[in-house]
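# prediction below, plus the sequence it came from.
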Amino acid sequence: MPHVLVVYTDDEPGVLTRVASLFRRRGFNIHSLTVGPTERSRQSRMTIVVDAEESTVRLAVEHLKKQVSVLEVQQLGDRPKVVRDLALIRVAAGLDVRSEILQLAQVFRANVVDIAGDSLAIECTGGPDKIDALVDALRPFGILELGRTGAVAMARGIRASPQSRPVAAPQPASNQAMSV
Amino acid sequence: MSQAGTHTGAQLIWECLTREGVATVFGYPGGAILPTYDAMVDFPIRHVLVRHEQSAVHMADGYARASGRVGVVVATSGPGATNLVTGLATAMMDSTPLVAITGQVGSGVLGTDAFQEVDITGITLPVTKHNYLVTRAADIVPVLREAFAVAKSGRPGPVLVDITKDAQQGRADMDWEAAEPIRHLRHLPPPLDPEALARALDLIRHAKRPIILAGHGIQMSGARAEVLALAERADIPFALTLLGLGAVPATHPLSLGMMGMHGEAWVNRAIQEADLLLAFGMRFDDRVTGKLKEYAPHAKKIHIDIDASELGKNVPVDVAIAGDLLTVLRALLPDVPVADRSKWLKQIRSWRGDSAVRDIKNLPDEGHLYAAHVMHDLWRLTEGKAVVVTDVGQHQMWEAQYYHHDAERSLITSGGAGTMGFALPAAIGAKLARPEAEVWVVAGDGGFQMTFAELMTAVQEGVKVNIAIINNGFLGMVRQWQALFYEGRYAATPILSPDFVKLAGAFGIHGQRVDTRAELAGAVAEARAAEGAALIEFRVEQEDSVYPMVPAGAALHEMIRRPNAKAGASAIAETGSDPV
C-alpha cells in the first residue's frame, strides 16, 4: 500500500543521493520521489511515496530521521491530504480525432500546451488517480510521450507536526556549503 | 583561493583536532593530503604511520573501543581513501565513533578523473554515519566540529571528511565558537514516554522467567551499574551478545554467558523458554536470534535502544523504548520491584546438565593442543585482566567462550562486519589508548596473514602487544561449515603459513612456538616479559570445531551440541566459575 512521506532537509548537495541510497540499501520501494524548494530558505522538501507495509514504512521514517541533513519527517498516513501529480502527455491527434481529444482534455480540466501537425501535448494536474484515468482515456488515440512529476503532498488543515514552525521564525544556521 | 585569514586550512584541521582533545592519529601520507601533513609537525600530535590504510581505521577503531574516545584517521585521496572502506564498514556495524580525514584533488579538477581522484564521499556513503566534501578552508572548522559531534552523539559511528587540496592550502579565520555544531541535536532521542515505562514495569513485575539480553549499548551508554542494579534487584539473569561481553561481569552470579550461534546451549534454551526478554542496547542480530519465526516464542519483549530504527526491525516487541539506556534505566529502577526468581535460576542451572563434561576444555591433552585450552589458560594466566583483541573466526568464538571478561572494554572484536585482519591493528590502537593495559591479540593463521605488516608499525611505535596466533592450518570457521554443511569438501580452506617464529625474528620481536599444553604457561610468561611486541604461535588441533552451534537458519534450541568428551575427561570446571 502506498504511504506518503514529507521530508524537510537542508538544501545542500548530496541530500537526494543520501535519501535515495538509504531507500535502495534498506530495500524500501520508492514509488515516486519529488524534491523542491520550500517556504523556508536553505531547505528542501521531498514528497516520497513508498510502496510498503506499515511496519516497513515506520522503519524508513526512523532511518530518515537519523540522517544529519534531515530536519523533519511527516508520515501523512490516513490524515486528510492533498496529493498532486503533474503529467505532460503527447498524444497522436490527426484532424479527425482532434476535437474529441480536446473535449476529453476539457473534462479532465487539462490544458493543451503544444499543438503540432499530427499531435497535441496536454498538461494535467491532479491526484494520481485522475491522471491515471486521463492516460487511460487517451491511450486509444496513441500516446507518443508521457512524463509525470510524481506526487507532491500536503496534509489538509493546519500544519500539525511537532516541529512545526511559522515561516518567520528564526532558522537554525545551517552550513550550506559544507555537506555533499 | 582566499589569502585572507589567520590560518591555512591545514592548520585549521590540526587546531580543530587538538581542541577536540585528539593527541594520536593513525594515517598514511600522500599527494593530496601533503599540506595537512606539512602543518602537522607544529602541533602536539602523535602520528602512527601504518603499513596499509585499512589498518589505520582498525587502529583508530581499537583506540576508540578501548578508551571511549573518538578515533582519528588521516589518508590521502584515491587509493588511500578507498583502502579505508573496509575499516569504516567495520566501525559502522559496531557503532565506533571515528573521524576519517582524506585529502582530495583540487576543487578545480574535481570530477575530471584527475590523478588519484576518487569519489570517496560517494563510495563511503553507506558505510559512514555521515560524510562531507569540503572545498573551502572556511568550511573546515564547522565541518570538523560537526563531524566529531555526529560521530559521538546518539548511536556513534564513523564520519568521513574529504578535504580538497586547495581547501587545505587556502586561508580562513579560526572561529571556534561560531562553528558550534547544532545539526546533530535534531536527532536526540525523544523524551521518555511514561506510558511505555509503565508497561515495561508491568511486564517485569509479572514475569516468572525473565532474561536480560545485554548488548554493546550498555558500555556505550555507561549503564553497567544500572543494569546490574536492575538484575540484582529483580533477580533476573543476563545473557550477553558477543559485543556485550565485558559490559557486565562474566563471573557475576547472574551471568549466563554468551547467547546465539555459539552461545552455550543452556543459555539459548533459557531464552527459548523465557517469558520476558529485556533487550538492553542490542539489535537482535541474526547471529543472536537464529530462526526469527521460532525465536523466544513464549516471551514478551522489552527493547531499549538509542537507535529507534532498530526497534521492531528484526523482532516484533511489546514495549519499544528509543533512548539512552542509562537514562531509561534510571527512570525505571526506582519502581522495579524486588523479587526472588531462584526457581527460574535453578531451572536454568539444571539445563546446563552435562555441558561442563562435554566441554572441550575438559578434553585430556594427550599431546593434542586445543584452542579452547589456549583460551582457558590465557584467561587464568592473565587473571582475566587483559584487553583481548580478537580477529574473526573459530578462535574468536573460543575466546568468547573461554576468556571470561569481567571488565568493560576488555574484549575488542569485529562483531557485525566480521572483518578478518582486524585484530593486530585494532590491538595496536587499543594499547596506544591504554598504555597501562596488557593487550593480547588473538588471531587465526588466516586473519593474521591479512594485516601482519602492522607488526612493523608496532615495532616502529614501540607498542607492546602480545600476540597469540591460533594456527590450525585452515581457515577454520569456513572449514567447519564445509565439514558440517558441504560434505567435507575443503575448497580453498587449507592455508599455509610462514614460519611465524622466523617472521617475528624478521620484525625484530620475540617469537615462540607452542605445540603442547605443557609449554603454554612458560611461553605466555616469556611473551609477557619480553620487551616490545611478542608473538606465540599455538599449533592447535587442525580439524577442531566450535560447539555448541546453531546452524544458520535453525532455531536457537536446535543446537548442535558438543560431542561427548572421551571417557576419563575430568569435569573440573563449569564455564564462568572456574577458580583461577
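Yep, it's here.
# okay, CA-based contacts and neighbour counts for the rest of this
Fine.
# identify each buried residue in the longest strand belonging to chain A, please.
Longest among the strand segments of chain A by residue count, using DSSP state E, is strand A:81-92. Buried positions in strand A:81-92, judged by neighbour count with 16 or more other CA atoms under 10 Å in any protein chain shown: A:83, A:84, A:85, A:86, A:87, A:88, A:89, A:90, A:91, A:92.
# of these, closest to chain B?
Of all the buried residues of strand A:81-92, chain B sits closest to residue A:83, with 27.1 Å by CA to the nearest CA.
# ok, the closest residue to that closest one other than its chain neighbours - how many residues close by?
Nearest residue to residue A:83 in three dimensions, chain neighbours excluded: residue A:153, at 4.3 Å (CA to CA, 6 or more residues apart in numbering or on different chains). The tally of other residues near residue A:153 (other CA atoms under 10 Å in any protein chain shown) stands at 21.
# same check, this time on residue B:43
Neighbour count for residue B:43, taken as other CA under 10 Å: 13.
# pretty sure it sits against residue B:16.
No - applying CA atoms under 8 Å as the test, residue B:43 and residue B:16 come out as separate, 10.8 Å apart.
# mind listing the strands for chain A?
Using DSSP E, the strands assigned to chain A run over residues A:2-10, A:30-37, A:43-51, A:70-75, A:81-92, A:111-115, A:119-126, A:143-148, A:152-155.
# could you dump these to CSV with mean pLDDT and distance to residue B:35?
Formatted as CSV, those follow (pLDDT from 0 to 100; distance: least, CA to CA, whole Å):
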stretch, mean pLDDT, distance to residue B:35
strand A:2-10, 95, 31
strand A:30-37, 94, 38
strand A:43-51, 95, 34
strand A:70-75, 94, 33
strand A:81-92, 96, 51
strand A:111-115, 96, 56
strand A:119-126, 97, 55
strand A:143-148, 97, 49
strand A:152-155, 95, 47
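# would you convert those into CSV that also reports distance to residue B:51?
Listed next are these as CSV, based on distance: least, CA to CA, whole Å:
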stretch, distance to residue B:51
strand A:2-10, 39
strand A:30-37, 43
strand A:43-51, 43
strand A:70-75, 38
strand A:81-92, 55
strand A:111-115, 64
strand A:119-126, 60
strand A:143-148, 53
strand A:152-155, 52
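# and residue B:8, which of these is closest to it?
strand A:2-10 (27.8 Å; CA to CA).
# give the buried residues for stretch A:1-20.
Neighbour count says stretch A:1-20 has A:2-12, A:14-16, A:18-19 buried, by 16+ other CA under 10 Å.
# so what touches it?
The set of residues external to stretch A:1-20 that reach it, using CA atoms under 8 Å, 6 or more residues apart in numbering or on different chains, is A:31, A:37, A:42-53, A:57, A:64, A:69-77, A:153-154, A:174, A:176-180, B:125.
# can you flag the buried ones in the residues you listed?
For the contacts of stretch A:1-20, a neighbour count by 16+ other CA under 10 Å gives the buried set as A:42-52, A:57, A:64, A:69-76, A:153-154, A:174, A:177-180, B:125.
# helices of the stretch 251-400 of chain B, start to end?
Assigned by DSSP state H, counting those that start in this stretch, the helices in the stretch 251-400 of chain B fall at B:265-273, B:286-289, B:325-332, B:342-352, B:355-358, B:371-381, B:394-402.
# include mean pLDDT, mean neighbour count and distance to chain A when you put those helices into TSV, please.
Below are the helices of the stretch 251-400 of chain B laid out as TSV (pLDDT from 0 to 100; neighbours: other CA atoms under 10 Å in any protein chain shown; distance: least, CA to the nearest CA, whole Å):
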stretch	mean pLDDT	mean neighbour count	distance to chain A
helix B:265-273	95	24	25
helix B:286-289	94	22	16
helix B:325-332	98	18	18
helix B:342-352	94	14	34
helix B:355-358	70	20	40
helix B:371-381	95	22	38
helix B:394-402	97	24	29
